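Student: Sequence plus predicted model, see below.
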Amino acid sequence: MKIASLVGARPQFIKLAPLIKASQRQKHPNSKIALEHKIIHTGQHYDYKMDKVFFDELGIPEPDYTLEVGSGSHGWQTGEMMKKAEEALVKEKPDLVIVYGDTNSTLAGALASSKLGIPIAHVESGLRSYNRNMSEEVNRILADRSSDFLFCPTENACENLGKEGFSNVANNGKLIDLSPSESFSADKSTPLVINVGDIMYDAALLGLKIAETGSNILERLKLEPKKYYLATVHRAENSDDKKKLKSILDAFTEISIEKPIIFPVHPRTKKNLEAFHLAPSVFNQIQIIEPVSYFDMLILEKYATKILTDSGGMQKEAYFFKVPCVTLRDETEWVETLEKGNNVLTGADKNKIIQAGFQSSTLEHDSFSSTFYGDGQAADRILGVTSYRI
């Protein structure tokens, strides 16, 4: 069986890593599956710190195809990705294309594969913010509608798809066994919705083992565990809006009076800080740093007092590491993190951010539970299911 993974952004590289590890296990001589795994990199992220370093550190092989699309408007970028991805897919003729998450790379890969009649697996399927103004929401809905395998990270994601008319929901949306039944292959014409757990949890467990011995980020930044906040801002709704970005940074300045804020700045946000004349020196209580590696970020997350972010992945990683989170958005796809107050939504409202930032956490250690997101073996389930259905 030949699989092609189509990736292009940092979160997708992280999600790809566990699947590569699982693919390598499947290539063992004793494996029942002869598996070939091709990597198509769209080039959506093209900064070294946001791109190649993740391949290097996560042990992902060099991409078989690098499309070098780069940045641009949504329509232009998606169109260029589709055109170039199609050329690679025609050449390779994979049995299955895997797309990840909710970026333009996800949508381009799903559409190109669908037009060529190649089965599609969408990893992280079924997530909904119910905000169509987010390009990510449109991308994930269209990717789901194009897919044959809808691999959901949670029961809630399966429920969302059930409400949208997907009838073939395996195991009633509950996490499936590691040895899936061959009955999944009974009707290949019907898209299969299946809870495999969250592949980001696989990646976090894998990465943290390496990070605990290989990262010295705390020493480099002269930080003590649980004596700093960690912040990131990258979504267009925040970073492209001068008023919102200033509101967020003003809130950070207030919060940093209590503890320093470590702020790895995304290239998009850095560009807009300069364009909006929001000079970093104005926020001198905040330690603004360049983007860090995945392993360094895991350590910064684990040992932070609190995380302030508009990232979907960091909301979950905060949850995995039992760190309270303030989400700089008005909604979240990861509704499980809100259940016991582990995560608080503030949008870009300065006062709400300050209130949530200063609020002492009274959460009990056991109020965090990774059971929402599976057991860290999503990648093996994904390969197990596809091997029966392809």
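Tutor: Perfect, thanks for sending it.

Student: Ends of stretch 230-242, what's the gap?
Tutor: One end of stretch 230-242 to the other measures 21 Å (CA to CA, to the nearest Å).

Student: Residues contacting that stretch, please?
Tutor: 133-135, 244-245, 248, 252, 261-264, 266, 268-269, 272, 276, 278, 286, 300-301, 304, 306-311, 314, 328-329, 348 (CB atoms under 8 Å, 6 or more residues apart in numbering). All C-beta spots, glycine's among them, are computed from the backbone N, C-alpha and C.

Student: do stretch 327-334 as well
Tutor: Stretch 327-334 is contacted from outside by 127-131, 233, 235, 237-238, 248, 308-310, 312, 315-316, 319, 338, 343-348, 353, using CB under 8 Å, 6+ apart.

Student: which ones among these are found in helices?
Tutor: If you go by DSSP state H, the contacts of stretch 327-334 have 237-238, 248, 312, 315-316, 319, 353 in helices.

Student: Relative to E224, which of the residues you listed is nearest.
Tutor: Proximity of the ones in helices among the contacts of stretch 327-334 to E224 (CB to CB) peaks at Y319, which lies at 22.9 Å.

Student: How confident was the prediction at the closest one?
Tutor: Confidence at Y319, expressed as pLDDT, is 93.

Student: picking that back up, can you tell me which of the contacts of stretch 230-242 are buried?
Tutor: Neighbour counting over the contacts of stretch 230-242 (16 or more other CB atoms under 10 Å) leaves 134-135, 244-245, 248, 252, 261-264, 266, 268-269, 272, 276, 278, 286, 300-301, 304, 306-311, 314, 328-329, 348 as the buried ones.

Student: Can you give me the buried ones in stretch 57-66?
Tutor: For stretch 57-66, the buried set under the neighbour-count rule, 16+ other CB under 10 Å, comprises 57-58, 60, 63, 65-66.

Student: Tabulate the residues you listed (a markdown table), appending pLDDT, distance to L150 and secondary structure.
Tutor: As requested, the buried residues of stretch 57-66 are arranged in a markdown table below (pLDDT from 0 to 100; distance: CB to CB, whole Å; DSSP: H, G, I helix; E, B strand; the rest coil):
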| residue | pLDDT | distance to L150 | secondary structure |
| --- | --- | --- | --- |
| E57 | 77 | 30 | helix |
| L58 | 82 | 25 | helix |
| I60 | 89 | 24 | coil |
| P63 | 92 | 25 | coil |
| Y65 | 96 | 25 | strand |
| T66 | 92 | 28 | strand |
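
Student: Which parts of the stretch 151-300 of the chain are helices?
Tutor: Ranges of helices within the stretch 151-300 of the chain are 155-163, 199-214, 217-220, 236-239, 242-255, 267-275, 294-302, based on DSSP state H, counting those that start in this stretch.

Student: which residues sit against the worst-scoring helix or strand of the chain on mean pLDDT?
Tutor: Least confident helix or strand of the chain, by mean pLDDT, DSSP states H and E, is helix 52-58 with a mean of 75. Residues from elsewhere that reach helix 52-58 (CB under 8 Å, 6+ apart): 10, 13-14, 16-17, 60-63, 203, 207, 210, 293-295.

Student: Dump it to CSV, keeping only the CA atoms.
Tutor: Extracted C-alpha coordinates of helix 52-58, given in CSV (Å, rounded to 0.1, in the frame of the first residue of the first chain):
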residue,chain,number,x,y,z
LYS,A,52,13.0,22.3,8.2
VAL,A,53,14.0,22.2,11.9
PHE,A,54,10.8,20.3,12.6
PHE,A,55,11.7,17.6,10.0
ASP,A,56,15.2,17.4,11.5
GLU,A,57,14.2,17.2,15.2
LEU,A,58,11.2,15.0,14.8
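
Student: before we move on, back to that, of the helices of the stretch 151-300 of the chain, which is nearest D380?
Tutor: Comparing the helices of the stretch 151-300 of the chain against D380 with CB to CB, the closest turns out to be helix 199-214 (8.7 Å).

Student: Could you figure out how far that closest one is turned away from helix 312-320?
Tutor: 70 degrees (axes from the mean of the first three to the mean of the last three CA atoms, to 10 degrees).
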